[in-house]
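Q: have a look at this prediction, sequence included:
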Amino acid sequence: MKSAQVDGQALRRIALITIIVACVLAPGSSRSQSQMYIYPAKGQTQQQQDQDRYQCHTWAVQQTGFDPSRAYPSNPNYYDPQPARSGQVVRGAAGGAALGAIGGAIGGDAGKGAAIGAGVGAGAGALRRRQDRKQQQASAQQQQQAQAQAQNAQVQGYQRAMAACLQGRGYTVN
């Protein structure tokens, strides 16, 4: 019976260490924002501190719906663009060739006009494709920023709940 009690305490300590590490290294937040300093103001024993921190963590997760030990780090350098619309260069070339052929026919050389039109149309298609890629990159960056802000808000809410619980149990939290 004693060994089961010791194992339970060891598991709680491991869980507590995991929680503290997750809070300190919370993704998307700076270290100064995520680090909590907890002082046992009423002389709580280490065992009592472990129990209080574990129970406060559980309560904070219930209150906020956010568990920093289950949060996955996001990669700010990750870029997953939507595939560029294929065929922009080909469509541009085909459209340009058609217009060039009409213009060339009026001028007396439809083949030469079609070749010039195809070149101009292909260039326009390539330019549209480049603009689409830039827009996709900007959109991806905005999404990443929004996700980071949302995660920071969750971390801060969790920390406020954790601090409130620990303060209610006689700890000084900064």
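A: Yep, it's here. Numbers count the residues shown, from 1 in each chain.
Q: show the subsequent helix or strand relative to the worst-scoring helix or strand of the chain on mean pLDDT.
A: The weakest-scoring helix or strand in the chain, judged by mean pLDDT, DSSP states H and E, is helix 31-34 (a mean of 47). As assigned by DSSP states H and E, the chain's next helix or strand after helix 31-34 is strand 38-40.
Q: please work out the average pLDDT along that following strand.
A: Averaged over strand 38-40, pLDDT sits at 94.
Q: send me whichever helix or strand comes after that strand as PDB with only the CA atoms.
A: Using DSSP H and E, the helix or strand that directly follows strand 38-40 along the chain is helix 46-64. Presented in PDB, the C-alpha positions along helix 46-64 are these (Å, rounded to 0.1, in the frame of the first residue of the first chain):
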ATOM      1  CA  GLN A  46       6.700  20.600  -0.700                       C
ATOM      2  CA  GLN A  47       4.000  17.900  -0.700                       C
ATOM      3  CA  GLN A  48       1.300  20.400  -0.100                       C
ATOM      4  CA  GLN A  49       2.700  22.700  -2.800                       C
ATOM      5  CA  ASP A  50       2.700  19.900  -5.300                       C
ATOM      6  CA  GLN A  51      -0.900  19.000  -4.500                       C
ATOM      7  CA  ASP A  52      -2.000  22.600  -4.600                       C
ATOM      8  CA  ARG A  53      -0.300  23.300  -8.000                       C
ATOM      9  CA  TYR A  54      -1.800  20.100  -9.500                       C
ATOM     10  CA  GLN A  55      -5.300  20.900  -8.200                       C
ATOM     11  CA  CYS A  56      -5.000  24.500  -9.400                       C
ATOM     12  CA  HIS A  57      -3.800  23.400 -12.800                       C
ATOM     13  CA  THR A  58      -6.800  21.100 -13.100                       C
ATOM     14  CA  TRP A  59      -9.100  23.900 -12.100                       C
ATOM     15  CA  ALA A  60      -7.500  26.400 -14.400                       C
ATOM     16  CA  VAL A  61      -7.900  24.000 -17.300                       C
ATOM     17  CA  GLN A  62     -11.600  23.500 -16.500                       C
ATOM     18  CA  GLN A  63     -12.100  27.300 -16.200                       C
ATOM     19  CA  THR A  64     -10.300  28.300 -19.400                       C
END
